[in-house]
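Chemist: Dropping a prediction and its sequence here:
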Amino acid sequence: MPDDELDPVIHAQARLRVVATLAALGEGDRIAFPRLRRLLDMTAGNLSTHLRRLEEADYVTITKTYEGRSPATYVALTPTGRLAFDRYSRRLRDLLGSAR
């Protein structure tokens, strides 16, 4: 993707919200799916659809595990995803700066 374009994977409003939320976590940190869903006020199905697209782009990792007998799903931003969000943010700032 050329440097002067906004990443279409991140640019979708819901995915931008997901990536921005995950980028606010420390590197290597992860968040439980239900907590992310509540923070973003999204349905589980909608969030899952957007996470799948981000996972296909290698921007997030999804870890499914068990806590006791209960299933648990965690989401984390990958280094590739963090870099993509940094580039996206820089490009957006450049575009907004040149609009003055």
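Modeler: Perfect, thanks for sending it. Keep in mind it's a predicted model, so treat the numbers as computed, not measured.
Chemist: For the rest of this, base every contact and every neighbour count on C-alpha atoms.
Modeler: Will do.
Chemist: Quick check: buried residues in stretch 81-97?
Modeler: The neighbour-count check on stretch 81-97 (16 or more other C-alpha atoms under 10 Å) flags 81-82, 84-85, 87-88, 91 as buried.
Chemist: State the pLDDT value of Gly28.
Modeler: Per-residue pLDDT puts Gly28 at 89.
Chemist: This protein: strands as residue ranges?
Modeler: 31-32, 60-67, 70-77 (DSSP state E).
Chemist: Can you say which of those is nearest to Arg52?
Modeler: Arg52 lies closest to strand 60-67 among the strands of the chain, at 8.7 Å (C-alpha to C-alpha).
Chemist: how near is the spatially most central residue of the chain to Asp58?
Modeler: The centroid of the chain falls nearest to Val19 when counting by C-alpha atoms, centre = their mean (2.4 Å). Distance from Val19 to Asp58, counting by C-alpha to C-alpha, to the nearest Å: 12 Å.
Chemist: Give me the common contacts of those two.
Modeler: Common neighbours of Val19 and Asp58, using C-alpha atoms under 8 Å, 6 or more residues apart in numbering, are Gly81.
Chemist: Looking at the protein, which helix is longest?
Modeler: Using DSSP state H, we find that the single longest helix of the chain is helix 79-98.
Chemist: List the contacts of that helix.
Modeler: With contact meaning C-alpha under 8 Å, 6+ apart, helix 79-98 is reached by 3-7, 10, 19-20, 23, 58-60.
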